[in-house]
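# The sequence isn't on hand, but the structure is:
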Ligand SMILES: C[S@@+](CC[C@H](N)C(=O)[O-])C[C@H]1O[C@@H](n2cnc3c(N)ncnc32)[C@H](O)[C@@H]1O
């Protein structure tokens, strides 16, 4: 395979493989956008040659400079010999970008999205999908084996290969775009507040891309962009239409509502527009007074004998990859293996994504979550599914765990699905609350490894580990772990 040139422009943090980025954006193509200006492509002077030993958490290739410092390199692959330029220099390491590849990986592919070089969203598009899955497993294994609280004895169960996603692209059911100074919406560049104007996103659902393109092509929308800092596009699986949430920099005015009405009436794919901002709550702008719910139809499970709808509110949490979420919920339920006599505590329960199917086989389930709208949806979802054995509380998890342990409460099975920060300082209480087993669903392998170390120190044993690829083309890794009490 021939070595290829990768050009890097420091000021705009733009990388292009093979040819300058703009030459791959033919006018009128799906991706073209009038705001995309040609770039002056410059090569960095401060260059080093090195080999990439592995990919580490965050998607960086790891190498070592001749002076012994470590180098974290973007868009490199294991086994590659590369020439890099420096982006950021620290005492013990540097962050850099590939300038040219002397020995390419056999798993290197042309990134399918023309914005990939600049956009901060994806970071594994230059690897084949099989290689992405291998990289994710290797990162997880590396973090677990290097975790100081975990010994070989704690890690006897194999790490299963990641469960591939049903779709490698077009899977995101929501995207958030940034708007600076009234210009067109885009994604943030890597490590920058600069915005890459986009017309499509490779990993977003087609309905979101159609809506974005329609907004860009519809002149009245630009009037709203002027006072918007963020634009969220959210897909509603029940209606198959899109909701737009404009984050306004000031309170909405009648003229804004008039534009919103025009957009809903003119753009087929957009069914609702909401405004939100720092000085006011989420407000239905068009149609005026419309409901704020999204819905997903689900198959019968356990004691729920009819198909039922799971709902969540605009602004509430929902898993981003709906198709892969079906596999995620199945896997978590299989690991939990709840019988009809057992009780479950679902921490960080959101709107009941795991709670509802688990409660359908349990004696009872308690769900705890900090977001009020999610708890409202969890209660509605439970009653719509005909369940009478659930209770849901809006509480910070640390407070709830303190209260529950204070009352000597305990449950057969715990299910926890924390945000990226994980569960620092909670292992002792979780051990008290858990009688038999715990399913930990993690979206960050670094905090997962740390937490598993703490949980093992507090009487848990790791018995199954399964990564689930919820986020193809990105370095993000979702993992489901089963822990059992000694
Ligand atoms: C990764 S999401 C999981 C939600 C749900 N399990 C699902 O699958 O849809 C994490 C959830 O934890 C909630 N959360 C984050 N920090 C929290 C805290 N300190 N206390 C309570 N809930 C919290 C968020 O609102 C969010 O709904």
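Received it, and whenever you're ready, just let me know what you need. The structure displayed is predicted, hence computed values, not measured ones.

# list the helices and strands the lengthiest strand in the chain packs on?
Assignment by DSSP state E gives strand 93-103 as the longest strand of the chain. If you count contacts as 3 or more C-beta pairs under 8 Å, 6 or more residues apart in numbering; DSSP states H and E, strand 93-103 packs onto strand 6-9, strand 47-51, strand 70-74, strand 81-89. In this view, the C-beta of every residue, glycine as well, is placed from N, C-alpha and C.

# of these, which approaches the ligand most closely?
Ranking the helices and strands packed on strand 93-103 by their distance to the ligand (criterion: C-beta to the nearest ligand atom) puts strand 70-74 first, at 26.1 Å.

# Rounded mean pLDDT for that closest one, please.
Taken as a whole, strand 70-74 has a mean pLDDT of 97.

# Excluding chain neighbours, give the residue nearest to residue 266 in space.
residue 218 (6.3 Å; C-beta to C-beta, 6 or more residues apart in numbering).

# Just the buried positions in the helix or strand hosting residue 461, please.
Residue 461 belongs to strand 460-468 when assigned by DSSP states H and E. For strand 460-468, burial by neighbour count (16 or more other C-beta atoms under 10 Å) applies to 460-462, 464-468.

# Does that strand pack against any helices or strands, and if so which?
When contacts are defined as 3+ C-beta pairs under 8 Å, 6+ apart, strand 460-468 sits against helix 129-146, helix 322-336, strand 478-485.

# can you tell which of those is closest to the ligand?
helix 322-336 (7.4 Å).

# elements contacting that closest one?
Against helix 322-336 (3+ C-beta pairs under 8 Å, 6+ apart) you get helix 355-359, strand 411-416, strand 434-442, strand 460-468, strand 478-485.

# need the residues of this protein near the ligand, please.
Residues of the chain lying near the ligand by C-beta under 6 Å from any ligand atom: 317, 319, 348-350, 353-354, 369-371, 374, 396-397, 417, 419, 443.

# one more time with 8 Å
Residues of the chain lying near the ligand by C-beta under 8 Å from any ligand atom: 316-319, 325, 328-329, 346-355, 368-371, 374, 395-398, 400, 415, 417-419, 421, 441, 443.

# which among the residues you listed end up buried?
By 16+ other C-beta under 10 Å, the residues of the chain next to the ligand give 316-319, 325, 328-329, 346-355, 368-371, 374, 395, 397, 400, 415, 417-418, 441, 443 as buried.

# Dihedrals phi and psi, the closest residue to residue 230 other than its chain neighbours?
Using C-beta to C-beta, 6+ apart and skipping the chain neighbours, the partner closest in space to residue 230 is residue 247 (3.9 Å). Taking degrees, to the nearest 10, you get phi -90, psi 100 for the backbone angles of residue 247.

# Check the burial of residue 247 by counting its neighbours.
By other C-beta atoms under 10 Å, 19 other residues sit near residue 247.

# if I pick it, what's in contact with it?
Contacts for residue 247 (C-beta atoms under 8 Å, 6 or more residues apart in numbering) come out as 228-232, 276-277.

# Just list whatever residues bridge to it.
Beta-bridge partners recorded for residue 247 (DSSP bridges): residue 230, residue 276.
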